[in-house]
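1. got a predicted structure plus its sequence, pasted below:
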2 protein chains.
Amino acid sequence: MNDRSDNTDPMARTSGSHSEITGPRLREAAQRLFARHGYASVTMRQIAAEVGVQVGALYNYIPDKQGLLADLMRAHLEELLAAWAAEPRGEGPLGALEAFTRFHIRFHLERPDAVFIAYMELRNLAPENFAGIEALRKRYETELEDILRAGQAAGVFDLPDTKLATLAVIAMLTGVTTWYRDAGRLSRERVAGLYWDMVRKAVAA
Amino acid sequence: MNDRSDNTDPMARTSGSHSEITGPRLREAAQRLFARHGYASVTMRQIAAEVGVQVGALYNYIPDKQGLLADLMRAHLEELLAAWAAEPRGEGPLGALEAFTRFHIRFHLERPDAVFIAYMELRNLAPENFAGIEALRKRYETELEDILRAGQAAGVFDLPDTKLATLAVIAMLTGVTTWYRDAGRLSRERVAGLYWDMVRKAVAA
DNA sequence: GTCTATAGACTGATAGAC
DNA sequence: GTCTATCAGTCTATAGAC
């Protein structure tokens, strides 16, 4: 956390102190580049160029490249869990499943780069980082699994294998990020509605 | 490291001519390593070590690393299309959809490494290779889309948006490769049956 | 066809000036 | 906090001996 303020002429130089702006810009640039080209293909020099600083300056904000990747993924997953925790649920298992479906699609379409990294760069995590990230992913999966299990118990869903259904639904929903384009023929609301139709029918008793 | 020779017996040396064996072994090793660590993270030296030759020898079989990746992906997708073309279909759109579902799961579970590469390494393809690979992927998608469209026309499916349904079903089915393990509690046949249950219900009229 | 050796370029990360 | 300069290591790909 930074709390700097008050410089007499903060705009006049191209070199000097920019801690409040360089940190976030570094993370944004890295996220965009990692998503586009892959973590292993992106160099620290490319990131620095995007931010507008020299490469050495980046290391004021990150321990190393690996730590940067782990932080991006952890921040994304924690934001995902927090947002779902704050999301209003519908009534009963069916309402909860609809809420989850629409939330998942909305949240993922708003952060395509972060989603891409979270799903594609797991194998580039060092083992000590992997465990924690994987645990967060698991926690999110469990949120859906709990909904499906409750619906199964209540008799509104018919799911011979709840765990498999959980993974199938998440894979189907997450797939939207691979093809959806804002300029396309379908609005996000429409897309969410169409996916909800399929999910509802797929799990129905 | 290697001394060698004493070349009285042609089979007794570790250096010499091995064209029939080195080529396939190179492709197998690259596929395994690319899937495990990612194309950009794997070095030609790692591949050579896995094959059991020095790095220079690899270039008798490939033009460069990029060409190796493109060849692996093209071979996988062409095999996929050929195998589906040879697959027996069931009766009507419902039979065709069941055939596609079971085929897709079986084929993908038999080649986890190739599947992983085909889905994850698209962004590491040079533009001139990307176009052709993407066209093959599209052709496979169209196979499913045609089935869904026929079922919609026949009134056995209810799909407000056939294209979206196509992508949703493929994403759901392909997701099986991210979690299935042979040592797990479910057989491949059982898994295919459970997915088919969900697909059938999701598209039903 | 495979080897050794190397060119030539690039990598992540650090030291010290300002 | 950012800069310049650089280290020490790695990379792909090639040349020429065998």
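-> Nice, I can see it.
2. close to DNA strand C, is the stretch of helix or strand A:L81 belongs to?
-> Assessed by DSSP states H and E, A:L81 sits inside helix A:65-85. Yes: figure legend: helix A:65-85 in contact with DNA strand C (CB under 7 Å from any atom of the strand); contacting residues A:K65, A:Q66. For glycine as for every other residue, the C-beta is placed from the backbone atoms N, C-alpha and C.
3. ramachandran coordinates for the nearest residue in space to A:A35 that is not next to it in sequence?
-> Counting by CB to CB, 6 or more residues apart in numbering or on different chains, A:D113 is the residue found nearest to A:A35 once chain neighbours are left out, at 3.7 Å. Note on A:D113: its backbone torsions stand at phi -70, psi -50 [degrees, to the nearest 10].
4. just give the number of residues close to A:D113.
-> By other CB atoms under 10 Å in any protein chain shown, 18 other residues sit near A:D113.
5. just the CA trace of the helix holding A:L81, in CSV.
-> As requested, the backbone C-alpha atoms of helix A:65-85 are provided in CSV (Å, rounded to 0.1, in the frame of the first residue of the first chain):
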residue,chain,number,x,y,z
LYS,A,65,8.4,-12.6,-12.7
GLN,A,66,7.0,-15.7,-11.1
GLY,A,67,5.7,-13.7,-8.1
LEU,A,68,4.0,-11.3,-10.5
LEU,A,69,2.1,-14.2,-12.1
ALA,A,70,1.1,-15.7,-8.8
ASP,A,71,-0.2,-12.3,-7.5
LEU,A,72,-2.3,-11.7,-10.6
MET,A,73,-3.9,-15.1,-10.3
ARG,A,74,-4.5,-14.9,-6.6
ALA,A,75,-6.0,-11.4,-6.9
HIS,A,76,-8.4,-12.6,-9.6
LEU,A,77,-9.6,-15.6,-7.7
GLU,A,78,-10.0,-13.7,-4.5
GLU,A,79,-12.0,-11.1,-6.3
LEU,A,80,-14.1,-13.9,-7.9
LEU,A,81,-14.9,-15.4,-4.5
ALA,A,82,-15.6,-12.0,-2.9
ALA,A,83,-18.0,-11.0,-5.7
TRP,A,84,-19.9,-14.2,-5.6
ALA,A,85,-20.2,-13.9,-1.8
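6. after it, next one along is what?
-> Next along the chain after helix A:65-85, taking DSSP H and E as the criterion, comes helix A:92-110.
7. re earlier: measure the residue nearest to A:A35 to A:R25 for me?
-> Between A:D113 and A:R25 the computed distance is 14 Å (CB to CB, to the nearest Å).
8. now do A:V156
-> For A:V156, the distance to A:R25 (CB to CB) stands at 48 Å.
9. which residues belonging to the lengthiest helix in chain A are considered buried?
-> Longest helix in chain A by number of residues (criterion: DSSP state H): helix A:127-154. Under the neighbour-count criterion of 16 or more other CB atoms under 10 Å in any protein chain shown, helix A:127-154 has A:129, A:133, A:136-137, A:141, A:143-145, A:147-152 buried.
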